[in-house]
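# Have a look; sequence and predicted model below, questions after that.
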Amino acid sequence: MNYIEVMEKCEKYIEEHLEYPPTAMELAEYSGYSLYHFCHLFSAHFGISVGEYIKRKKLEKAAENIAGGMSITETALRAGYDTPSGFAKAFRKEFGTNASEYRRNLVKEDEKMNPEIIKKEAFSAVGYCIIPPEEISADEHGAYWKNIDFTRYPAYPEELEDCGEVAAWIHPEEKSGELSYFFGFETECTSVPEGFITIEVPAAKYAVFESSVSVFSENLPEELNKLWKNIFDEWLPRSEKSFDEEKMCFEFYKGEKVFVYIPIK
């Protein structure tokens, strides 16, 4: 077993015994190294000492407990702090805020991530199919239209009825898995102008998230990317909803408002 595997084994062992964490000597014996050699390997791998690593892990667990509703006093005791002041000082140093403010910020975030659940009938959208010139990072998947020079594409038809604009990633390429980008408008029009394509968005049940900034905000692309990330990293794992992989998720722009539609089962 190489030292990386040993460190991963130690990491798991610490996680499993965090309430009564092992000492550096106990970890060295568990790993089969001398204390001197183990401490050097541990610091090289994690960038901090055993004691500092365990301290951080206990504070991360404390933050999880606070998020789960545990009182700050009980959280401090479980984290191994004899006094609230000692816990408060360590918590602020680690997270840059006190425990009470940390909890209030979580509540504010939860309030933002409180979508409306709706059923939306199937609809058609007519617009542009755009193939990205290069691989796109996950941080750029939201509001990708900011990267597009629309003067290269035909103008919207003059008779367009403004039912709202739709932005979505579509058509995965079977070999590479790469996506194409669609930007267009919801419509009941049956004819497709030259230079445009039609997509059919199936009926689905959606969790609908409204952006905190308007369509005219300079920060909209960044805020939308944050919203997409929070939906998949935070809201879906914490909610009782399941993502419906057979349906389509998309951004919807109507007037000044921007929404993200997430299909759920």
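Alright, I've got the coordinates.

# any idea which helix or strand of this protein has the worst average confidence?
Every helix and strand of the chain was ranked by mean pLDDT, DSSP states H and E. The lowest is helix 99-112, at a mean of 68.

# Can you name the next helix or strand after that helix?
Where DSSP states H and E defines the elements, the next helix or strand beyond helix 99-112 is strand 116-120.

# got a list of contacts for that next one?
For strand 116-120, contacts defined as CB atoms under 8 Å, 6 or more residues apart in numbering pick out 203, 204, 205, 206, 207, 208, 261, 264. Quick note: C-beta positions are derived from backbone N, CA and C, even for glycine.

# now do stretch 74-82
In contact with stretch 74-82 (CB under 8 Å, 6+ apart) are residues 19, 58-59, 61-62, 65-66, 70, 83-84, 86-88, 90, 99.

# center of this protein, which residue is that?
Centroid check for the chain by CA atoms, centre = their mean gives residue 229 as the closest residue, at 2.8 Å.

# any idea how far that residue is from residue 44?
According to CB to CB, to the nearest Å, residue 229 stands 32 Å off from residue 44.

# What score does residue 68 have for pLDDT?
For residue 68, the model assigns a pLDDT of 77.

# Can you list which of the contacts of strand 116-120 are found in strands?
Among the contacts of strand 116-120, the residues falling in strands (DSSP state E) are 204, 205, 206, 207, 208, 261, 264.

# and residue 130, how many residues sit next to it?
Residues lying near residue 130 (other CB atoms under 10 Å) number 18.

# Report the beta-bridge partners for it.
Bridge pairing for residue 130 (DSSP bridges) gives the partners residue 181.

# Let's have the ones in strands among the contacts of strand 116-120 in CSV, adding pLDDT and neighbour count.
CSV is the format used below for those (pLDDT from 0 to 100; neighbours: other CB atoms under 10 Å):
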residue, pLDDT, neighbour count
204, 94, 20
205, 95, 15
206, 95, 23
207, 94, 22
208, 94, 14
261, 95, 22
264, 93, 19
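
# what's the closest of those to residue 94?
Looking at the ones in strands among the contacts of strand 116-120 and their distance to residue 94, the nearest is residue 207, at 32.5 Å (CB to CB).

# List the residues that contact that closest one.
Residue 207 is in contact with 115, 116, 117, 231, 235, 239, 241, 261, 262, 264, counting by CB under 8 Å, 6+ apart.

# Mark which of the residues you listed are buried, thanks.
Among these, those scoring as buried are 115, 231, 235, 241, 261, 262, 264 (criterion: 16 or more other CB atoms under 10 Å).

# Tell me what the last one is bridged to.
Beta bridges link residue 264 to residue 205, residue 243 when assigned by DSSP bridges.

# where are the low-confidence patches of the stretch 51-200 of the chain?
Across the stretch 51-200 of the chain, the ranges flagged by pLDDT under 70 are 105-113, 134-140, 160-162, 172-178.

# how about a cut-off of 80?
For the stretch 51-200 of the chain, the stretches with pLDDT under 80 are 67-68, 103-113, 132-141, 157-163, 171-179, 188-191.

# So which residues of it form strands?
Ranges of strands within the stretch 51-200 of the chain are 116-120, 123-130, 165-170, 180-187, 197-201, based on DSSP state E, counting those that start in this stretch.

# Having no further points to raise, I will conclude here.
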